[in-house]
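**Student:** quick one, structure for this:
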Amino acid sequence: DEFAMGSSTERSAFFPTRNPWDLERVPGGSSGGSAAAVAASAALGSLGTDTGGSIRQPASLCGVTGLKPTYGRVSRYGLVAFGSSLDQIGPFAWTARDCALILSAIAGADPRDSTAAPQPVPDYAAALSGDVRGLRVGVPKEYFVDGMEPGVEAAVRGALDVLRDNGAELVEVSLPHTKYALPVYYIIAPAEASANLARYDGVRYGVKQPGDSYWDELERTRGSGFGAEVRRRIMLGTYALSAGYYDAYYKRAQQVRTLIRRDFEQAFAQVDILAAPTAPTVAFKIGAKTDDPLAMYLEDVCTLPINLAGVPGLVVPCGFSENLPVGLQLIGRPFDESTLLRVGDTYQRVTDWHTRRPALTPDE
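**Tutor:** Below is the predicted model of the structure:
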């Protein structure tokens, strides 16, 4: 999706990406192209960006493995920023082991990115022991939201049973401020997008439309260079940051963000990781939600809190509903990708969902 703004990759500047499992359906977004490339066996691995779920949701809808690392684990140098306090780059692959190998290659400090953490990079593949015995897995009740498709919930709960049968202990936990994640995200992310894209003026980089003056050129450039969804979010963000509204919207959203982060801290005092659904639905038909932005935004309801808290998340295929893939979302402590990858790898050693491939014909 253009500037990573979207949950379906229908907002591309070129054409919609199609889901390899059903070419009439979306692959998720915004990094749906990266997920679809792996699902279609066009690549062994790929990279995506995750601002509010844009690696994990496409991984779930396309039936591949996707990792959103801890904020700061991977340098964002070279990335066109959407939400600077939320964006993180991560890998797609068929397996948790492949994601571990890719993460080892891309993680680490970068003198060109002040947000890249200076922490050493462990050997993630070496941590894949295949053993989850004694691990405490928290199941947040708030993530099984109203409107979740029954087949999605059944697949996720079946995956939880597999973890329990392999020695993990399931513990119900509560993240009480989860219900505020959607409105908080859609204040903070558009506000940061508004500030970041203010630099997109056609002078230094990007598309340029000539005009009679700088302001005329700026208006023409942004009018032709930004799609409808990008304009919508810039307008929302500019409004939230405007005089008289900053404290009422942006400042308050940041305060609630702190509460969401504390929910995770308290949960991780009780458990080692969290396990939850990734998206409330399987892949939907192309065009089904393009005229309803709120319905599209709700696709990320299970992934947004992880970005607001800055913690890592891993999605592994865990089943099918209506012959379409479903993903299990694993959430970890900051910079504890090793545990997430170990749990994901263990799950994939005893299941075969990640080995399923869409039946594509050569001309597709």
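**Student:** how close does residue 326 sit to residue 246?
**Tutor:** Taking Cβ to Cβ, to the nearest Å as the criterion, residue 326 is separated from residue 246 by 40 Å. Where C-beta positions appear, they are placed from N, C-alpha and C, glycine not excepted.
**Student:** out of those two, which sits in the busier spot?
**Tutor:** residue 326 (30 against 13; other Cβ atoms under 10 Å).
**Student:** can you count the residues close to residue 244?
**Tutor:** 6.
**Student:** SS state for it?
**Tutor:** coil (DSSP: H, G, I helix; E, B strand; the rest coil).
**Student:** which residue of the chain lies farthest from its centroid?
**Tutor:** Largest separation from the mean C-alpha position in the chain: residue 212, at 41.4 Å (Cα atoms, centre = their mean).
**Student:** who's residue 139 bridged to?
**Tutor:** For residue 139, the beta-bridge partners are residue 172 (DSSP bridges).
**Student:** and it, how many neighbours does it have?
**Tutor:** Count around residue 139 with other Cβ under 10 Å applied: 18.
**Student:** can you check residue 24 too?
**Tutor:** 12.
**Student:** measure it to residue 160 for me?
**Tutor:** For residue 24, the distance to residue 160 equals 31 Å [Cβ to Cβ].
**Student:** do the same with residue 55
**Tutor:** 22 Å.
**Student:** which of these two has more neighbours?
**Tutor:** Between residue 55 and residue 160, counted using other Cβ under 10 Å, residue 55 has the larger neighbour count: 31 against 17.
**Student:** so the more buried one is in contact with residue 46, correct?
**Tutor:** No. With contact defined as Cβ atoms under 8 Å, residue 55 and residue 46 do not form a contacting pair (9.9 Å).
**Student:** overlap in contacts of these two?
**Tutor:** Residues touching both residue 55 and residue 46 (Cβ atoms under 8 Å, 6 or more residues apart in numbering) are 34, 35, 92.
**Student:** so which strand or helix has the second one?
**Tutor:** It stands for residue 35. helix 32-39 (DSSP states H and E).
**Student:** can you give me the mean pLDDT across that helix?
**Tutor:** Helix 32-39 shows a mean pLDDT of 98.
**Student:** over to stretch 89-102?
**Tutor:** 98.
**Student:** now do the helices in the stretch 101-250 of the chain.
**Tutor:** Assigned by DSSP state H, counting those that start in this stretch, the helices in the stretch 101-250 of the chain fall at 150-165, 181-197, 214-225, 228-241.
**Student:** and residue 203, which of the ones you listed is closest to it?
**Tutor:** helix 214-225 (8.0 Å; Cβ to Cβ).
**Student:** what does the closest one contact?
**Tutor:** 200, 201, 202, 206, 207, 208, 209, 210, 211.
**Student:** buried sites along that helix?
**Tutor:** Applying a neighbour-count criterion of 16 or more other Cβ atoms under 10 Å, one finds 217, 218, 220, 221, 222, 225 buried in helix 214-225.
**Student:** same check on stretch 128-146?
**Tutor:** For stretch 128-146, by 16+ other Cβ under 10 Å, it's 128, 132, 135, 137, 138, 139, 140, 142, 143, 144.
**Student:** fine, thanks again, bye for now.
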